[in-house]
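[1] Sharing a sequence plus its predicted fold:
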Amino acid sequence: EVQLVESGGGLVQAGGSLRLSCAASGFTFDDYGIGWFRQAPGQEREGISCIISNSAGSAFVDDSVKGRFTISSDNAKNTVHLEMNNLKPEDTAVYYCNALLSSGSPLFGSWGRGTRVTVSS
């Protein structure tokens, strides 16, 4: 059974930090990139960062979070982390992870529960 379980969210003040984790199982982790997405209230889900776990240095971070968010992969644990620093109220959202097709589109049609991040001003 494929599982992608997000964790690490919470309530933090603006300027604070959180570290999100995405634990993957049920598929060959090294065969796919892993992406982080977020969905703010009333908005579409958007991709913000991704990493190719079997290709060192192949990581992407959207301009909206560049310089504040860092993605990393722990291949031994089939886990991808998203280190989020200098959080802003506009980062408030539910954060999800998914495996990625080569096009960058999500591999799995169903999403996990996500992990909620709330940044207070």
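    Happy to help now that I have it.

[2] residue nearest the centroid of the chain?
    residue 36 (2.6 Å; C-alpha atoms, centre = their mean).

[3] I'd guess it is in a helix, am I close?
    No. Counting by DSSP: H, G, I helix; E, B strand; the rest coil, residue 36 falls outside a helix, being strand.

[4] In contact with it, which residues?
    Residue 36 is in contact with 20, 22, 47-50, 71, 80, 82, 95-97, counting by C-beta atoms under 8 Å, 6 or more residues apart in numbering. The way it works is simple: take the backbone N, C-alpha and C, and place the C-beta from them, glycine included.

[5] where does this structure dip in pLDDT?
    53-57 (pLDDT under 70).

[6] Inside strands: which ones of the contacts of residue 36?
    The members of those that map onto strands under DSSP state E are 20, 22, 47-50, 71, 80, 82, 95-97.

[7] show me where this structure has strands.
    Using DSSP E, strands in the chain cover 3-7, 10-13, 18-25, 33-39, 46-52, 59-61, 69-74, 79-84, 93-100, 115-120.

[8] circling back to that earlier point, quick one: the contacts of residue 36 as JSON lines, columns for distance to residue 13 and neighbour count too.
    Converted to JSON lines, the contacts of residue 36 look like this (distance: C-beta to C-beta, whole Å; neighbours: other C-beta atoms under 10 Å):
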{"residue": "20", "distance to residue 13": "17", "neighbour count": "24"}
{"residue": "22", "distance to residue 13": "24", "neighbour count": "26"}
{"residue": "47", "distance to residue 13": "26", "neighbour count": "17"}
{"residue": "48", "distance to residue 13": "21", "neighbour count": "22"}
{"residue": "49", "distance to residue 13": "22", "neighbour count": "23"}
{"residue": "50", "distance to residue 13": "28", "neighbour count": "23"}
{"residue": "71", "distance to residue 13": "23", "neighbour count": "21"}
{"residue": "80", "distance to residue 13": "25", "neighbour count": "29"}
{"residue": "82", "distance to residue 13": "19", "neighbour count": "27"}
{"residue": "95", "distance to residue 13": "18", "neighbour count": "25"}
{"residue": "96", "distance to residue 13": "23", "neighbour count": "22"}
{"residue": "97", "distance to residue 13": "25", "neighbour count": "27"}
